[in-house]
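> Prediction below, plus the sequence it came from.
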Amino acid sequence: GELGFSAGGSYCSLSGFSSASCAGSVQCVALAVHLHKCGMDMWDLGMGMTYKHAMGAKDVPRLKFLAELKATRDRPPLAVALAPCCAASVLTPKFAVGAHVEVVRGGGGGAHA
């Protein structure tokens, strides 16, 4: 699961959780895809950690972070909530096994994942 909040086009993760070992990476990827589909411009993952960097997260200097947050937070709110569901229904592969999928947003703020 995921606990976080949104402000305009920004989403802030507070904590991810699971009952299965090593499920955090799957949870992060699923959330990244969901936030992208919702139109989020910025995802604050909190402090940098090795597993986040291994998945492509980048540390952002504080002043740049604050500028991007200010630019995205005043957008009209976006609906990001998901109803409780079986993870298998959300994570059913839609790509060939072994395919590399990269989510890239163009334009202003850019997504941080």
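Now that the structure is in, tell me what you want to look at.

> if I look at the residue nearest the centre of the chain, how far off is residue 66?
Relative to the mean C-alpha position of the chain, the nearest C-alpha, by CA atoms, centre = their mean, is the one of residue 32, at 3.5 Å. Taking CB to CB, to the nearest Å as the measure, residue 32 falls 22 Å from residue 66. For glycine as for every other residue, the C-beta is placed from the backbone atoms N, C-alpha and C.

> now residue 72
Using CB to CB, we find residue 72 at a distance of 11 Å from residue 66.

> Check which helices and strands the helix or strand hosting residue 53 is in contact with.
Here residue 53, judged by DSSP states H and E, is contained in helix 50-54. If you count contacts as 3 or more CB pairs under 8 Å, 6 or more residues apart in numbering; DSSP states H and E, helix 50-54 packs onto helix 24-38.

> Now find how far off-centre stretch 30-46 is within its chain.
Stretch 30-46 has its C-alpha centroid displaced from the chain centroid by 3 Å (CA atoms, centre = their mean, to the nearest Å).
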